[in-house]
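> from the sequence below, what's the structure:
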Amino acid sequence: MPIKIADSLPAKKVLESENIFVMTEYRAMHQDIRPLNVLILNLMPTKETTETQLLRKLSNTPLQIQVEFLQTASYKPTHADTAHMESFYTTFDQVKNRWFDGMIITGAPLDFVPYEEVEYWKELCSIMEWSKLHVHSTMHLCWGALAALYYHYGVDTVAYEQKLSGIYPNLVLKKSSPLFRGFDDIFYAPHSRQVGIRAEDVRKVSTLELIAEREGGDPTVLKTTDSKHFFVLCHSEYDADTLKMEYERDLARGLHPNVPCNYFPDDDPKKTPIVTWRSAGQLLFSNWLNYYVYQTTPYDIATYEGK
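Prediction:
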């Protein structure tokens, strides 16, 4: 949360110049408080694991948040417990006439499936289109980010020669962005995908900003200039053992995966991974919630309608 100070305090300008968030007495007196309504479209096959990872990030903040989970109606997950889905998930038809302060669209293991051939592509497009008017700010993760960039802006996906898997340094390109308040200039994050996008394709879209890139120049975090959509290609929400389980899964499938980069001590899969991304991951979600949702969403969210 911000610090509240007198409107005329000299320190105000200094703090703001250092990208520290301050709130004047006037603004504090005129703020209304209510819970934030956040919708999560969970496209991952490991529903409960992803739920826990995201809720852990969203809960470590003084903000009061009400979370709802959304599933696709056009595709029923084969790895999820039916009773769990019926108890805790809703469908688009049940929420399409409502408004939300924030939304998260997760990734999915669909790297090499053409978007138009994804079973729920039409439904996902309808949800992404709906979010433009019914959601104040949306965060798209990994494949969800790639799919959104393709749908909204026609940014094509490119395949890597080998899977990108490991903990990589990422450079903050826009240090003044509130999304990166509290970040070091370089932050570490898990990457786990076989496709990506080109920075030059992003720069062709005038309403997109590339604000962080992986070592080597590949895009890591993008946003729209109006801050209504964020595209995060790393997995800052991952648990300590997530990459380990993915590596072991690919080994069992006979895919001969490379050992995840910068993950196991001495690159030895028998050793316990050391977490180097947890604090940056927490800041990423907390900053998004605070600065791009809580601080700017209307008190009566039903009056939003894309404004």
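
> from here on, contacts and neighbour counts on C-alpha atoms
Fine.

> residues near Val118, how many?
12 (other CA atoms under 10 Å).

> do you know how far it is from Pro109?
Plainly put, Val118 is 11 Å away from Pro109 if you go by CA to CA, to the nearest Å.

> and what of Ile40?
17 Å.

> and stretch 294-304, how far out from the chain middle?
20 Å (CA atoms, centre = their mean, to the nearest Å).

> next: stretch 212-220.
That offset, for stretch 212-220, works out to 16 Å (CA atoms, centre = their mean).

> who touches it?
Here stretch 212-220 makes contact (CA atoms under 8 Å, 6 or more residues apart in numbering) with 168-174, 196-199, 210-211, 221-222, 232-234.

> one more pass at 7 Å, please.
Stretch 212-220 is contacted from outside by 168-173, 197-199, 210, 221-222, 232-234, using CA atoms under 7 Å, 6 or more residues apart in numbering.

> restricted to helices, list those residues.
Secondary structure from DSSP state H places Ala199 of the contacts of stretch 212-220 in helices.

> can you tell me which of the contacts of stretch 212-220 is nearest Gln66?
Val232 (22.2 Å; CA to CA).

> what is the burial count for the closest one?
So Val232, with other CA under 10 Å, has 24 neighbours.

> tell me the contacts of it?
Val232 is in contact with 140-142, 145, 220-222, counting by CA under 7 Å, 6+ apart.

> Tyr238 too?
Gln53.

> that one and Leu284, how far apart?
Counting by CA to CA, the gap from Tyr238 to Leu284 is 13 Å.

> what is the end-to-end distance of stretch 203-217?
Using CA to CA, one end of stretch 203-217 lies 13 Å from the other.

> shaky segments in the protein?
1-12, 14-16, 18-32, 304, 306-307 (pLDDT under 70).

> now the strands for it?
Counting by DSSP state E, the chain has strands at residues 3-5, 22-24, 36-41, 65-70, 89-90, 100-105, 135-141, 158-172, 186-196, 208-214, 219-224, 229-232.

> for those, which one sits closest to Ala280?
Short answer: strand 186-196, nearest of the strands of the chain by CA to CA, at 6.5 Å.

> in that closest one, which residues are buried?
186-196 (16 or more other CA atoms under 10 Å).

> closest one to Gly254 out of these, please.
Top of the list for closeness to Gly254, among these and by CA to CA, is Gln194 at 16.6 Å.

> pretty sure that closest one sits against Phe112.
No - here Gln194 does not reach Phe112: they are 8.1 Å apart, not a contact under CA atoms under 7 Å.

> what about the closest residue to His134 other than its chain neighbours, neighbour count?
Nearest non-adjacent residue to His134, counting by CA to CA, 6 or more residues apart in numbering: Trp99, 4.7 Å away. For Trp99, the count of nearby residues is 23 (other CA under 10 Å).

> please apply the same query to the one 10 residues further on.
A count of neighbours around Pro109, defined by other CA under 10 Å, yields 13.

> ok, the closest residue to Ile301 other than its chain neighbours to Met128 distance?
Nearest non-adjacent residue to Ile301, counting by CA to CA, 6+ apart: Trp99, 6.1 Å away. Using CA to CA, we find Trp99 at a distance of 13 Å from Met128.

> Leu289 too?
19 Å.

> now Lys96
Counting by CA to CA - Lys96 and Met128 are separated by 11 Å.
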